[in-house]
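Enquirer: Could you look at this predicted model? Sequence included:
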Amino acid sequence: MVDVGAKPVTHRIAQAQALVRLPPAVASALKRSGHRTSKGPVFDTAIVAGVMAAKRTSELIPFCHPLALEQCQIEIAFLSAAAGRSVLQILCRVEVHHKTGVEMEALTGATVAALTIYDMCKALSHDIRIEGVKLLTKIGGKRTLRRTGK
């Protein structure tokens, strides 16, 4: 692990994105059913899974510091239809006051939420793609990063 002992405690914020490309029939089925499948409420379950994963990032990624997250929000929404598919955008925003950042927690939360959507929708189709996983915003610490667009 990196020694953060001498670093000051600052307010750290990170936001990450994951995109889930669904076949049109799956997107239509989700919209018709209120985002439910036979496994249950897809978006609600993905949000819970993403938050749980963000909170446990240090258990999944060996050299991440364990952090007591102060805030973790996940939003899921349909973006648009592109090339005959519908795209879900998952945004995970994490905040903490600490000596190290929360980028990995935000990326983990977004990714696990996307994996949960895949798992809950795979009975409808295996032609679902997870892509576009990236850090959008990092505030606090030495560097700030803000990306715009998809």
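Expert: In hand now; what should we look at?

Enquirer: end to end, how far does stretch 118-130 reach?
Expert: Taking C-alpha to C-alpha, to the nearest Å, the first and last residues of stretch 118-130 lie 8 Å apart.

Enquirer: got it, and stretch 36-48?
Expert: 15 Å.

Enquirer: in it, what's buried?
Expert: Arg36, Thr37, Val42, Phe43, Thr45, Ala46, Ile47 (16 or more other C-beta atoms under 10 Å). Bear in mind the C-beta positions are built from the backbone N, C-alpha and C, glycine included.

Enquirer: can you check stretch 95-107 too?
Expert: Within stretch 95-107, the residues scored as buried using 16+ other C-beta under 10 Å are Glu95, Val96, His98, Lys99, Thr100, Gly101, Val102, Glu103, Met104, Glu105, Ala106, Leu107.

Enquirer: just to revisit the earlier point, with distance to Ala6 and pLDDT added, can I get the buried residues of stretch 36-48 in a markdown table?
Expert: Shown next, in a markdown table, are the buried residues of stretch 36-48 (distance: C-beta to C-beta, whole Å; pLDDT from 0 to 100):
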| residue | distance to Ala6 | pLDDT |
| --- | --- | --- |
| Arg36 | 50 | 94 |
| Thr37 | 49 | 94 |
| Val42 | 45 | 97 |
| Phe43 | 42 | 97 |
| Thr45 | 41 | 98 |
| Ala46 | 38 | 98 |
| Ile47 | 36 | 98 |
